[in-house]
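In: this is a predicted model, with the sequence first.
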Amino acid sequence: MDVGELEPFISKFGVDVLRKRGINELYPPQKEAVEKGIFSDRNFVIAIPTASGKTLIAELAMVHETIKGGKCLYTVPLKALASEKFKEFKKWEEIGLRVAVSTGDYESKDDWLGEADIIVTTSEKADSLIRNQAGWIRNISMLVIDEAHLIDSARRGAVIEILVAKLRKINPSARIIALSATIPNADEIAEWLGAELLTSEWRPVPLYEGVFYPGKVLRINDGRVTEIKAGKSLESLVKETLSDGGQVLIFESTRRYTESLAEKLIPVVREYSDENPELSEDILLENDGEMSNKLARCVRFGTAFHHAGLLGYQREIVEEGFKKGKIKVVTATPTLAAGVNLPARRVIIKGIRRYESGIGNVFINVSEYKQMAGRAGRPGLDSHGEALIISKTKNEALELIKRFVMGEPEKVISKLGSENHLRFHTLSIIAEEIANSEDEIENFFSSTFFAHQNEFTMKWEIKRILLQLVKWDFVNADGSLVATEIGKLVSKLYIDPLTGFIFKEAGKRFSELTDMAILHLICRTPDMELLYLRKSDDWIEDEAGFFREELTYFPSYYSAEYDWFLKEFKTALMLYDWINERDEDIICGKYGIAPGDVRRIVETAEWLLHALTRMFEFMENPMTTRTARLEERVKHGVKEDLVELVKLKWVGRKRARKLLNAGIKNIEDLHEKRNIAERLIGRRIVEKILEDTS
DNA sequence: GCCTCCAAACTATAGACAGCATGTC
DNA sequence: CTATAGTTTGGAGGC
């Protein structure tokens, strides 16, 4: 189907935008979407493979909706995806559409959100916007849920269902379009949404799946197995693709493996890659620790590893470098399978098992495998893509074929039923006045996918949760259900009510806590991500003993919580080192983590300290200024005396310390002792600072 | 005394959203 | 405390 036929729906100008992007012909699934009525007022579930053009289907629907005067909300699971889609959709600004983005750390101006035609957000941010009564939400006439199969995610899936349920309450006539990977029970989701279902196996680049064992590749085509002669090693597979001008993406099960494999492949890749001294230099721009140096070394010779321990900008360099062909091989943990689109001619799945605590090594899900395999084949560049699982023996290879290649992805199962999710969302719907009685709560939850999938009533569970919320004083149950002021605050701060309760109790019991005690307090909440305890971490115990007197909680050595407590303490201690200006690289070594982990934990701590401050402020606890100050310190990783300096643009923890050592305490001093400052941190930087603060 | 080699012992285990108000080394 | 595979350690053997 030629895109010209879309003119009645997206206007002549819309068609021009498509043509300018080089899109002249619709892919078969896209054509089918048009025929099935994507421009009608029906809801849709579109479950088709990666890279077969899902996004464009939603884009067309949104453009049409916007032309009709509607407003669209496009939700994604990752912040990185939000900015990717935002940039993509911005191309429609050419025909007057207004596009905006809103995530936890990047947001278009508030009034602009109100005016925008298309808003890209993470699902959590969308929920948060509803909780904070963003006025424009009721104008949303179309909700697009990207990666809707993530409803299955235990940690993050529930919010997607809730978002749908909330929007349907706020604006029952809003259309919903769910985009999903291919899953066996897409029909169930379609039923739940009262939606038209579109499924397809079509791909723009054919995908050959297979399994490798030393000497052979077993390739599966239309259910038949063909044996192909191959090299003896993984290296030979990489070499083969590189010599053919292709790129390789390798999935590993742990970070350490990705790193050592990327290094090991340097001599192989070197023959086929120019050196990248600039990229390598860029990797070290903001961090020159051990991991960063290793990555810089790899990138220089055309390989790279990719996992959540990298800093955000480093990930971008790796992704861009790969897209531009400067990096030939990327070894990655599953970050890359779920994240931004990064296809390669050959995908090698080396880590087909993953360690799970309490169980041992288990096979990854078939859906995860399909997600990884689906990254094979670059449209327009490769005639086909190839995904290979690495195995050791022929027998194992046959087993893997049966399990993964021939296997069906797992069904999507709602995870909303767990107590913490119900607690979290029950408080919010009371606070938002969506429900003010048990029946209404039940009624609300009955419109979720969870209720659609499960027969049993949630009455009993809801009662139990209400009892708890009342006990915690977040909900008032005299007569109709009403959120208390502090309950509303907890809901808006987007923290787990249990976190809210822990904070509230601390505020009631204490009026004086040390920094360490406060850091430990936030580490005790379910919203904090905790560090692991390694075998060699017995020193943590001694350190904990040192702080014994000041902590709000210190279980007995014999108690069941002791190990958990050590994890909390280890995390708090890491933050303590951070705000005492311990070098980042030293922190990484001491706690066995990477720079990306430090930043992530710091970010979470910052968020929770903010919530704590807001709650203490509400409770008129005298510690408010103290926690607010601590929030600043955690944000920048500095001691008390640098808090002022570090507020200046271009001044981070290191530069600030240098300046203060020379007696420069604030912007006035900087003007006065400009020469000294220039000698310390460079003339250009000082110029920039003064420019940006005047 | 020092090196190499190989097998046994040891070790560590993926990912990432939310507030708020603007920017690093 | 599950399992796996990369990494470290230690002992044997050679010079």
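Out: Happy to help now that I have it. Numbering: from 1, shown residues only, chains lettered A, B, ... in the order given.

In: which residues in the stretch 451-600 of chain A form strands?
Out: Taking DSSP state E, counting those that start in this stretch as the criterion, the stretch 451-600 of chain A carries its strands at A:475-476, A:482-483.

In: for those, which one sits closest to DNA strand B?
Out: Minimum separation from DNA strand B across those (CB to the nearest atom of the strand) falls at strand A:482-483, 15.9 Å. Bear in mind the C-beta positions are built from the backbone N, C-alpha and C, glycine included.

In: where are the low-confidence patches of chain A?
Out: Along chain A, segments meeting pLDDT under 70 span A:694.

In: circling back to that earlier point, so can I have TSV of the strands of the stretch 451-600 of chain A showing mean neighbour count?
Out: Output for the strands of the stretch 451-600 of chain A, formatted as TSV (neighbours: other CB atoms under 10 Å):
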stretch	mean neighbour count
strand A:475-476	19
strand A:482-483	18
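
In: to DNA strand C, which of those strands lies closest?
Out: Minimum separation from DNA strand C across the strands of the stretch 451-600 of chain A (CB to the nearest atom of the strand) falls at strand A:475-476, 37.5 Å.

In: tell me the strands beside the closest one, with direction?
Out: strand A:482-483 (antiparallel) (DSSP bridges).

In: so how far is the partner strand from its chain's centroid?
Out: Relative to the centre of its chain, strand A:482-483 is centred 32 Å away, using CA atoms, centre = their mean, to the nearest Å.

In: quick one: contacts of it?
Out: Strand A:482-483 is contacted from outside by A:427, A:430-431, A:436, A:474-476, A:491, using CB atoms under 8 Å, 6 or more residues apart in numbering.

In: same thing with stretch A:240-252?
Out: In contact with stretch A:240-252 (CB under 8 Å, 6+ apart) are residues A:230-231, A:234, A:237-238, A:258, A:261, A:268-269, A:271-273, A:322, A:325, A:327-334, A:336-337, A:342-351, A:372, A:375-376, A:378, A:382.

In: can you give me the buried ones in that stretch?
Out: Neighbour-count burial for stretch A:240-252, counted by 16 or more other CB atoms under 10 Å, picks out A:241-242, A:246-252.

In: contact partners for the one residue in chain A that gets nearest to DNA strand B?
Out: Chain A approaches DNA strand B most closely through A:Gly652 (1.5 Å), counting by CB to the nearest atom of the strand. Contacts of A:Gly652 were listed using CB under 8 Å, 6+ apart, and they are A:636, A:646.

In: quickly list what the residue of the stretch 351-500 of chain A found nearest DNA strand C is bridged to.
Out: Here the stretch 351-500 of chain A gets closest to DNA strand C at one residue, A:Gly360, 2.5 Å apart by CB to the nearest atom of the strand. Counting by DSSP bridges, A:Gly360 is bridged to A:Glu356.

In: just give me the neighbour total for it.
Out: Using other CB atoms under 10 Å, the number of residues around A:Gly360 comes to 8.

In: what of A:Ala308?
Out: 14.

In: do A:Thr448 as well
Out: Count around A:Thr448 with other CB under 10 Å applied: 23.

In: show me what from the stretch 251-400 of chain A comes close to DNA strand C.
Out: Contact residues (CB under 7 Å from any atom of the strand) of the stretch 251-400 of chain A with DNA strand C: A:256-257, A:260, A:353, A:355-361, A:392.

In: next, the residue of chain A positioned farthest from its centre: phi, psi?
Out: The centre of chain A is farthest from one residue, A:Glu672, which by CA atoms, centre = their mean lies 44.7 Å away. The phi/psi pair for A:Glu672 (degrees, to the nearest 10) reads phi -60, psi -50.

In: put the alpha carbons of stretch A:156-173 into CSV.
Out: Taking C-alpha atoms only, stretch A:156-173 is exported to CSV below (Å, rounded to 0.1, in the frame of the first residue of the first chain):
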residue,chain,number,x,y,z
ARG,A,156,6.7,-2.5,36.9
GLY,A,157,3.8,-4.2,35.1
ALA,A,158,1.0,-3.2,37.5
VAL,A,159,1.2,0.5,36.7
ILE,A,160,0.3,-0.1,33.1
GLU,A,161,-3.0,-1.8,34.0
ILE,A,162,-3.7,1.0,36.5
LEU,A,163,-3.0,3.6,33.9
VAL,A,164,-5.6,2.1,31.6
ALA,A,165,-8.1,1.8,34.4
LYS,A,166,-7.6,5.3,35.5
LEU,A,167,-7.8,6.8,32.1
ARG,A,168,-11.0,4.9,31.5
LYS,A,169,-12.5,6.4,34.6
ILE,A,170,-11.3,9.9,33.7
ASN,A,171,-12.3,9.8,30.1
PRO,A,172,-14.3,6.7,29.1
SER,A,173,-14.3,7.6,25.5
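
In: give me the buried positions along it.
Out: A:156-169, A:171.

In: equivalent analysis for stretch A:686-694, please.
Out: Applying 16+ other CB under 10 Å to stretch A:686-694 flags A:686, A:689-690 as buried.

In: can you name the residue of the stretch 101-250 of chain A nearest DNA strand C?
Out: Distances between the stretch 101-250 of chain A and DNA strand C by CB to the nearest atom of the strand are smallest at A:Leu234, namely 8.9 Å.

In: my error: substitute the stretch 201-350 of chain A in the last question.
Out: Using CB to the nearest atom of the strand, A:Ser260 is the residue of the stretch 201-350 of chain A that sits closest to DNA strand C, at 3.2 Å.

In: the helix or strand that residue falls within near DNA strand B anywhere?
Out: Using DSSP states H and E, A:Ser260 sits in helix A:255-264. Yes. Applying CB under 7 Å from any atom of the strand, one finds helix A:255-264 touching DNA strand B at A:255-256.

In: having no further points to raise, I will conclude here.
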